[in-house]
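J.: No sequence on hand, only this structure:
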């Protein structure tokens, strides 16, 4: 048997793509291995959103090339591969193949060519490609990602995604529902719909509201999540579907990027501060108790201290449950490179520290208020550290509790007993009492 080893960097879309890549190769007789030393093919699935992510990949390639032996293949796939193409072959001589997100169907051929000593890059966009005939190699999964949309048309000035993922296109609703049914039949009860601007989904007949209702109605799908939506694509229809679909979880990741309307305009975001806050209000009106998380960039070209203060005030006003925060990272080919008044790195770094502190303070305040409350959780597996189980609420809060492996994959009622500010400790409930047994729900 030929063995393939794959490492994944970046977003959930890349995680889903790695499952797809393994699915492509399994059909050709490969098996997956977690040991790079045992692999015949080593692949790195990459992210290009920030320079730091690419530098990590280059560093890791320097390590993985030590596993190269005659007959073994080292490949780079994904967004960084798409962005750099043949230049990556020149930059890292040990790399045998480079292939972008639309080319995974061609991996077996490129691997065969690499065995013959040919180094090649495949970075052509294929706007028709959805890999419908390729079953992703997920393994046994409590929760699963389902890609419903590929590419992006929004052209934010800081973003490399349209250049690495191509134009936006959506899968047919029936195909998504079929995949959800197959997952549910195999025991998966939580599904996360993936897209670059997932709530702009439209397959020519059906919009995102239709998709939410259809997947949420699949027997066995108990929890439905999605990421990442675009703020102004929360139409009244989508809000109604979100409120009216019992499986839809009470959590939305709602990227804002900046709290300053002036900066948002330079970013070419399709909303200003007031419009974003209106979307927040609409979500909270439709789904009481909804948890909101976000993405925020500091140090975007031209950002002043006053602009940054508007971001801090928005964080306070919205009361996010958490946020992914970043310094602006210049990306080759993006319009933001042409903007003037770039912010000094030390200034951006200092602003990031203040932003992180503000987000953590707000999140801790919200989480402390939840201590003592009861929630349904899905037990996902063993925690990375210690001997505890990791579980997750419908609002995406992580709770750690004691219990046996048999609880993994089950739903339970727990009481949150404490918090570090980000994660919780929890105690399983027995019915409505607290006798220490677990109440498996459903």
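T.: Arrived safely. This is a predicted model, so every value here is computed, not measured.

J.: surely residue 181 meets residue 218?
T.: Yes - contact criterion Cβ atoms under 8 Å: residue 181 and residue 218 qualify, at 5.5 Å. Backbone N, C-alpha and C define where each C-beta goes, glycine included.

J.: Specify which residue of those two has the higher count of neighbours.
T.: Shown here are residue 181 and residue 218; by other Cβ atoms under 10 Å, residue 218 has more neighbours (21 against 15).

J.: and the gap between the more buried one and residue 50?
T.: Distance of residue 218 to residue 50, computed by Cβ to Cβ, to the nearest Å: 36 Å.

J.: what does residue 203 give?
T.: Taking Cβ to Cβ as the measure, residue 203 falls 31 Å from residue 50.

J.: Ok, residue 394 next?
T.: According to Cβ to Cβ, residue 394 stands 31 Å off from residue 50.

J.: Residue 421 too?
T.: Taken as Cβ to Cβ, the span from residue 421 to residue 50 is 26 Å.

J.: With neighbour numbers in mind, choose between these two.
T.: Comparing residue 421 with residue 50 by other Cβ under 10 Å, the one with more neighbours is residue 50, at 18 against 13.

J.: check contacts around that one.
T.: 326, 329, 331 (Cβ atoms under 8 Å, 6 or more residues apart in numbering).

J.: Please apply the same query to residue 53.
T.: Contacts of residue 53 by Cβ under 8 Å, 6+ apart are 9-10, 46-47, 80.

J.: Pop the domain breakdown of the protein in here.
T.: Following automatic domain parsing, one gets these domains for the chain: 2-122, 143-369, 371-428.

J.: can you put the ones you listed in a markdown table and add mean pLDDT and distance to residue 129?
T.: As requested, the domains of the chain are arranged in a markdown table below (pLDDT from 0 to 100; distance: least, Cβ to Cβ, whole Å):
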| stretch | mean pLDDT | distance to residue 129 |
| --- | --- | --- |
| domain 2-122 | 95 | 5 |
| domain 143-369 | 97 | 8 |
| domain 371-428 | 94 | 31 |
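
J.: closest to residue 136 out of these?
T.: Smallest distance to residue 136 across the domains of the chain (Cβ to Cβ): 3.8 Å, for domain 2-122.

J.: Distance check, residue 131 against residue 113.
T.: Noted for residue 131: a distance of 21 Å to residue 113, by Cβ to Cβ.

J.: now residue 104
T.: 15 Å.

J.: For the stretch 151-300 of the chain, which segments count as strands?
T.: 169-170, 190-194, 223-227, 251-253, 291-298 (DSSP state E, counting those that start in this stretch).

J.: tell me what the helix or strand following the last one is packed against?
T.: Once the chain leaves strand 291-298, the next helix or strand it forms, by DSSP states H and E, is helix 305-318. In terms of contact count using 3 or more Cβ pairs under 8 Å, 6 or more residues apart in numbering; DSSP states H and E, helix 305-318 is assigned the packing partners helix 261-267, helix 273-286, strand 291-298, helix 345-370.

J.: closest one to residue 135 among those?
T.: Comparison of these against residue 135 by Cβ to Cβ identifies strand 291-298 as nearest, at 30.8 Å.

J.: Identify the bridge partners of residue 73.
T.: Residue 73 forms beta bridges with residue 41, as assigned by DSSP bridges.

J.: Tell me if I'm right that it and residue 113 touch.
T.: No - under the criterion of Cβ under 8 Å, residue 73 makes no contact with residue 113, lying 9.6 Å away.

J.: what kind of secondary structure is residue 381 in?
T.: Taking DSSP: H, G, I helix; E, B strand; the rest coil as the rule, one finds residue 381 in the strand state.

J.: What is the neighbour count of it?
T.: There are 14 residues near residue 381, going by other Cβ under 10 Å.

J.: Mind checking the strands of the stretch 151-300 of the chain for the one nearest to residue 144?
T.: Minimum separation from residue 144 across these (Cβ to Cβ) falls at strand 190-194, 5.9 Å.

J.: Just the buried residues of that closest one, please?
T.: Residues of strand 190-194 classed as buried: 190-194 (neighbour count, 16 or more other Cβ atoms under 10 Å).

J.: now stretch 280-297
T.: Within stretch 280-297, judged by 16+ other Cβ under 10 Å, the buried ones are 280, 282-283, 286-287, 290-294, 296-297.

J.: can you pull the contacts of residue 7?
T.: So residue 7 contacts 43-45, 60 (Cβ under 8 Å, 6+ apart).

J.: and which of the buried residues of stretch 280-297 is nearest residue 22?
T.: residue 293 (28.9 Å).

J.: my read: that closest one touches residue 255, true?
T.: No - if you go by Cβ under 8 Å, residue 293 and residue 255 don't touch, sitting 9.1 Å apart.

J.: thinking again about what came up before, neighbour-wise, which of the contacts of residue 53 leads?
T.: Neighbour counts for the contacts of residue 53, by other Cβ under 10 Å, peak at residue 46, which reaches 30 neighbours.

J.: Touching, that residue and residue 55? I think so.
T.: No - here residue 46 lies out of contact with residue 55, judged by Cβ under 8 Å, at a distance of 11.2 Å.
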